[in-house]
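Visitor: Model the structure of this input:
(one chain, ligands or ions: 1)
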Amino acid sequence: MNKKKIAVILVFAIVLSMFTGTNTFAASGNPESYRTPTTSVRQGAKGNDAYWLQAMLKTLGYTISVDGSFGPATLATVKKFQSDNGLSVDGSVGPATRGKLIEKYEALAEPTPTPNPQATMEAPGQAFKHNPDNLTIPSTSIRKGANGDGVLWVQEILYNLNYDIDVDASFGAGTLNMVRIFQMSNGLSVDGSVGPATREKLTERWNAAKKTGKSPAKIICIDPGHQKTPPSGYETVSPWGRATKLKNTSGATGVSTKIPEYITNLQIALKVRDTLVKNGYKVVMTRDNNDTHLSNQQRAAIANNAGADITISIHCDSADSSSAAGVDTFSRGSGDGSASCKSRSYRDNRYASELLAEVCNATGATKRSAVKSDNYTGINWNAGTCVILECGFTSNETEDKNLNNAAYQQKIANGVLNFVIKAF
Ligand SMILES: [Zn+2]
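Guide: Residues are numbered from 1 along each chain as shown. Below you'll find the model as predicted:
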């Protein structure tokens, strides 16, 4: 359908609705008749903020009654909206969810962009490789060392959820790490044992995945490093050890532009997102604004829960020497030393090397190295491949200016696209 036809139909629909009184923008259904909330809106909220939220959701096509009272039905709808939009599903309407509601609402009023046939195609979900429904759900707790159908049931579900796991009916180090990663990602206690709570959550996630089917498009998680205010406290660096690290840090600052890294990272990441989406990839962002408080584990959880095929974490580097320049990538090291960690390390390092080459090719920046490391929480807790891309040094005057230049940022995005196209 061309734009003119759409416009004619829209005008007709609006005029018709004026006569029939079914205009969704009439009376209390119009979010613009309420003030936009300035603080988080949670269950229990009443009045303006609840009205605004419900009117927004209704206008966006969700089934919800606009009664000005945030009860269980509104909570469920908020969670559905968060889940549909790759937000963290906490049922609370904070800055990220509010921003996404406004973005979606504003998009309704904008003219329809030229659709990319691949990206917007209503492709049905694909079949999953394994069918755990053919197996009996284990009735007792399953731990490391176990074998058989119960283990297979766990592995098949995690495999279908896009976790890096061997489906071999044997609960070894690889399965242990993936169970821990699943527990972390789903707010369960991380004990590596599949007891009733983990079993229930696996069932829930598998039932949800079956409904949508496997995504026909590759899912790329883009993680813009840092944020305005990092969360406080520590978290474990990996699923296999007890060492802890700060949940997140504030990042570097440009030596000449004085722009903090988190702002630069987000600008680059948004260009990467748009470039990938235009080319038919499904992109999940860990954050799309600077006002978040995400730990590195939480970032990994977002990728894991989205079933990402790869996560690319966008950063800028900083060094004491102002002459340090160029691009580095980081990917997983040998982890707990198990065969499973080693083979993942080998595979991910190849991705990291290819990403490094493509970004340097597109930008002309100096190619430094593709480093393997066990020190990154976001990598270690990722159920798939995670590569940190250090786009350049903001401690170097020339690179600082480049990294904060829109045209140069787009070159980085083009390099990432070239890598993704080759790799996936
Ligand atoms: Zn950084």
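Visitor: Compute the number of surrounding residues for the residue in the chain that the ion sits nearest to.
Guide: Evaluated by C-beta to the ion, the chain has His315 as its residue closest to the ion, separated by 3.5 Å. Bear in mind the C-beta positions are built from the backbone N, C-alpha and C, glycine included. Residues near His315, counting by other C-beta atoms under 10 Å, number 25.
Visitor: Tell me where this structure is predicted with low confidence.
Guide: The chain contains residues with pLDDT under 70 at 1-28, 109-123.
Visitor: From one end of stretch 317-327 to the other, what's the distance?
Guide: 9 Å (C-alpha to C-alpha, to the nearest Å).
Visitor: Quick check: buried residues in it?
Guide: Within stretch 317-327, the residues that qualify as buried are Asp317, Ser318, Ala324, Ala325, Gly326, Val327, counting by 16 or more other C-beta atoms under 10 Å.
Visitor: Which SSE is immediately downstream of the helix or strand hosting Val179?
Guide: Assigned by DSSP states H and E, Val179 falls within helix 173-185. Tracing the chain past helix 173-185, the next element assigned as helix or strand by DSSP H and E is helix 196-212.
Visitor: circling back to that earlier point, give me the neighbour count for the nearest residue to the residue of the chain closest to the ion once chain neighbours are set aside.
Guide: Distances taken as C-beta to C-beta, 6 or more residues apart in numbering place Gly225 nearest to His315, at 4.0 Å, with adjacent residues excluded. Counted with other C-beta under 10 Å, the neighbours of Gly225 add up to 28.
Visitor: Around the ion, pick out the residues from the protein.
Guide: Counting by C-beta under 5 Å from the ion, the residues of the chain lying close to the ion are Gly225, Gly251, His315.
Visitor: between those residues, which is nearest Leu270?
Guide: Gly225 (13.3 Å; C-beta to C-beta).
Visitor: correct me, but the closest one touches Ala252?
Guide: No: between Gly225 and Ala252 there is no contact under C-beta atoms under 8 Å: 9.6 Å.
Visitor: quick one, strands of this protein?
Guide: Assigned by DSSP state E, the strands in the chain fall at 219-224, 234-236, 244-246, 282-285, 310-317, 327-332, 367-373, 385-393.
Visitor: To Tyr34, which of those strands lies closest?
Guide: Once the strands of the chain are compared by C-beta to C-beta, strand 282-285 is nearest, at 27.3 Å.
Visitor: strands paired with the closest one, and their directions?
Guide: strand 219-224 (parallel) (DSSP bridges).
Visitor: does the residue of the chain closest to the ion have beta-bridge partners, and which?
Guide: Taking DSSP bridges as the rule, His315 bridges to Glu390.
Visitor: hang on, Trp52 packs against Tyr34?
Guide: Yes: contact criterion C-beta under 8 Å: Trp52 and Tyr34 qualify, at 3.8 Å.
Visitor: Looking at these two, which one has more neighbours?
Guide: Trp52 (24 against 20).
Visitor: between Gly225 and Ala252, what contacts are shared?
Guide: Residues touching both Gly225 and Ala252 comprise Glu261, Cys316, with contact defined as C-beta atoms under 8 Å, 6 or more residues apart in numbering.
Visitor: contacting residues around the closest residue to Lys144 other than its chain neighbours?
Guide: Of all residues not flanking Lys144 in the chain, Leu176 sits nearest, at 4.9 Å (C-beta to C-beta, 6+ apart). Each residue near Leu176 by C-beta under 8 Å, 6+ apart is listed here: Lys144, Gly192, Pro239, Trp240.
Visitor: my guess is the second one contacts Gly145, does it?
Guide: What it means is Gly192. No: using C-beta under 8 Å, Gly192 is not in contact with Gly145; the gap is 11.3 Å.
Visitor: Next, the angle from the helix holding Val179 to helix 196-212.
Guide: 80 degrees (axes from the mean of the first three to the mean of the last three C-alpha atoms, to 10 degrees).
Visitor: ok, and for helix 173-185, which residues are buried?
Guide: 173-185.
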